[in-house]
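K.L.:
no sequence for this one, just the structure:
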């Protein structure tokens, strides 16, 4: 599996290898993260301050699944991607960073499966 944190690519072979990078993601903001299998699923996590957004794709052309908090809050949060592009997502699509970190760990342990809470 390949973990990319702000354009830095890291090969991850186990949950133990992932652990220090989860700690790094926990303290960085903004952060643009992707976690992908050689071919197949990709999990994206964007963080801007207190807001985190997650997108799971079964494959590169998939419309995917995105996070939802259930709040229905339509205010937009700007997320800065590692290439400088700024994307905006509603607050109602943002979830706690801890959920995103759990989803990254789940993705690693379960061979790219979608975290059930997203």
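P.N.:
Yep, that arrived. These figures come from a predicted structure and were not determined experimentally.
K.L.:
host element of the residue nearest the centre of the chain?
P.N.:
For the chain, residue 45 is the residue whose C-alpha lies nearest the centre (Cα atoms, centre = their mean; 1.8 Å). Secondary structure assignment for residue 45, by DSSP states H and E: strand 42-48.
K.L.:
Contacts made by that strand with the rest, please.
P.N.:
When contacts are defined by Cβ atoms under 8 Å, 6 or more residues apart in numbering, strand 42-48 is touched by residues 25, 28-36, 52-57, 59-60, 77-81, 87, 89, 97, 100, 103-104, 107, 112, 115. The way it works is simple: take the backbone N, C-alpha and C, and place the C-beta from them, glycine included.
K.L.:
Strands of this protein, start to end?
P.N.:
Remark: strands assigned in the chain by DSSP state E are 2-5, 8-11, 31-36, 42-48, 51-57, 65-66, 76-80, 86-90.
K.L.:
Turn the ones you listed into CSV, including mean pLDDT.
P.N.:
Shown next, in CSV, are the strands of the chain (pLDDT from 0 to 100):
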stretch, mean pLDDT
strand 2-5, 96
strand 8-11, 96
strand 31-36, 96
strand 42-48, 95
strand 51-57, 95
strand 65-66, 92
strand 76-80, 96
strand 86-90, 96
